[in-house]
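[1] task: produce atomic coordinates for the following.
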Amino acid sequence: MADAAKQAPGRGLPPVHLWHPAHCGDIDILIRADGVWMHEGSPIGRPELVRLFSTILRKDPDGYHLVTPVEKLKIEVEDLPFRAVAVREEGGQLVFTTDQGDEAIAGAERAIVVETDAATGEPSPRVHIRGDLWARIVRSVFYDLVERAEEIDGALAVRSGNSVFALGPKGAGL
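    Just a heads-up that it's a prediction; the model follows:
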């Protein structure tokens, strides 16, 4: 619980991992790949409402859901539910900020993963935020990581605390 409260400073997160209500159905909410939350085909215009929804989001084996103590509604997510829109270094650790104000410190429990498309060579970076929720690292933040990177074991990589994260396959970018 304390770890969850650190995710969004001043805004503790509900313990959705402890809630197990019956599935109530689907709700016409889509999180687009660009991070825009849609309801019935229109963008949700109130950032406070989107932030509220993001705090009760959980990924279960059957997909993404908005969860309260008494309801569980399935939603659609095109790519990942969050976008990492900023990164900073604090005390040798990389701290990511999402488009919804969550913060995640990369390390052993919060990995940075970069998959590379075999056909195009295009990197697809993400960072673990909480539970089974991840954030797509936006291009400008990925470029920031590349600028911070060093060669480690033949790969371009960044350090956060005692953890090392490769930004691509061995030899790429060197």
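
[2] grab the most central residue of the protein for me.
    Centroid-nearest residue in the chain: residue 135, 2.0 Å away (criterion: Cα atoms, centre = their mean).

[3] pull the distance from the host helix or strand of that residue to the chain's centre.
    Assignment of secondary structure by DSSP states H and E places residue 135 within strand 133-137. Between the mean C-alpha location of strand 133-137 and the chain-wide mean there is a distance of 2 Å, by Cα atoms, centre = their mean, to the nearest Å.

[4] what mean pLDDT does it get?
    Averaged across strand 133-137, pLDDT comes to 98.

[5] ok, stretch 159-174 next?
    Rounded to a whole number, the mean pLDDT of stretch 159-174 is 84.

[6] got a list of contacts for that stretch?
    With contacts defined as Cβ atoms under 8 Å, 6 or more residues apart in numbering, stretch 159-174 is touched by 92-94, 105-108, 111-114, 116, 121, 123, 125, 142, 145-146, 149-158. To be clear about C-beta, it is placed using only N, CA and C from the backbone, and glycine gets the same treatment.

[7] of those residues, buried ones?
    93-94, 105-107, 112, 114, 123, 125, 142, 145, 149, 155-158 (16 or more other Cβ atoms under 10 Å).

[8] in helices, which of those residues appear?
    When DSSP state H is applied, these are split such that 142, 145 fall in helices.

[9] narrow the buried ones among the contacts of stretch 159-174 to those in strands?
    The members of the buried ones among the contacts of stretch 159-174 that map onto strands under DSSP state E are 93-94, 105, 112, 114, 123, 125, 155-158.

[10] of the residues you listed, which is the nearest to residue 87?
    residue 94 (5.6 Å; Cβ to Cβ).

[11] tell me the predicted confidence for residue 153.
    We note a pLDDT of 88 for residue 153 in this prediction.

[12] ok, now which ones touch it?
    Contacts were defined as Cβ under 8 Å, 6+ apart; by that measure residue 153 touches residue 170.

[13] now do it against residue 114, distance only.
    Computed as Cβ to Cβ, to the nearest Å, the residue 153 to residue 114 distance reads 15 Å.

[14] equivalent analysis for residue 28, please.
    Distance, residue 28 to residue 114, using Cβ to Cβ: 33 Å.

[15] what of residue 137?
    Using Cβ to Cβ, one gets 8 Å for the distance from residue 137 to residue 114.

[16] kindly report the same for residue 145.
    When distances are taken as Cβ to Cβ, residue 145 and residue 114 turn out to be 9 Å apart.

[17] please apply the same query to residue 29.
    When Cβ to Cβ is the yardstick, residue 29 and residue 114 sit 29 Å from each other.

[18] do residue 134 as well
    12 Å.

[19] common neighbours of these two, please.
    When contacts are counted by Cβ under 8 Å, 6+ apart, residue 134 and residue 114 have residue 126 as shared neighbours.
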